[in-house]
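Visitor: when you get a sec, could you give me coordinates for this:
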Amino acid sequence: MALNQIKVTVQEMGGKRCVVVESGMEAPRAEFLSRLLLHNGYEVMANADVQGRITLGVTDLLFNPVIDVYERRLRSFTGHKVTPAYWLQRSDAETVGEVTYWKHGE
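Guide: Numbers count the residues shown, from 1 in each chain. As a prediction, the model looks like this:
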């Protein structure tokens with residue numbers, strides 16, 4: 001899923017209302033995002049459809065993946081800020097470099 005969808009979808013998962021983080025993904029991707037979100041203090045919920053595709057959500061209804069990634073609010077397992085490349089699991093994308101996409105107050 002690309003990081004370009006600002007609109008947040010809310011769906012019930014396991015009896016709780018959740019913001020859908022990503023849907024239609026396979027188990028390895030879901031495992032990566034689940035661990036990353038849990039590491040950042042979110043309660044993660046998941047649903048699988050009949051074909052085994054997984055929808056992942058968090059119970060924090062204020063969470064927005066696009067905003068939280070580009071605002072650099074999430075931390076990787078090594079403590080660095082999560083970049084879009086890291087979120088999308090692009091090759092060896094690590095979060096060491098500080099990239100500012102915009103600055104507040106300008």
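Visitor: now the nearest residue to I6 once chain neighbours are set aside, what are its backbone angles?
Guide: Using CB to CB, 6 or more residues apart in numbering and skipping residues adjacent in sequence, the residue nearest I6 is V66, 5.6 Å away. From N, CA and C alone the C-beta is placed, and that goes for glycine too. Main-chain dihedrals, V66, degrees, to the nearest 10: phi -60, psi -50.
Visitor: now swap in R29 and tell me
Guide: The phi/psi pair for R29 (degrees, to the nearest 10) reads phi -70, psi -40.
Visitor: per-residue pLDDT, it?
Guide: Taken from the predicted model, the pLDDT recorded for R29 is 96.
Visitor: for the one 4 residues further on, same thing?
Guide: Reading off the per-residue confidence, L33 sits at a pLDDT of 97.
Visitor: so which other helices or strands are in contact with the lengthiest strand in the chain?
Guide: Ordering each strand of the chain by length in residues (DSSP state E) puts strand 16-25 first. Using 3 or more CB pairs under 8 Å, 6 or more residues apart in numbering; DSSP states H and E as the contact criterion, the secondary-structure elements in contact with strand 16-25 are strand 10-13, helix 27-39, strand 54-58.
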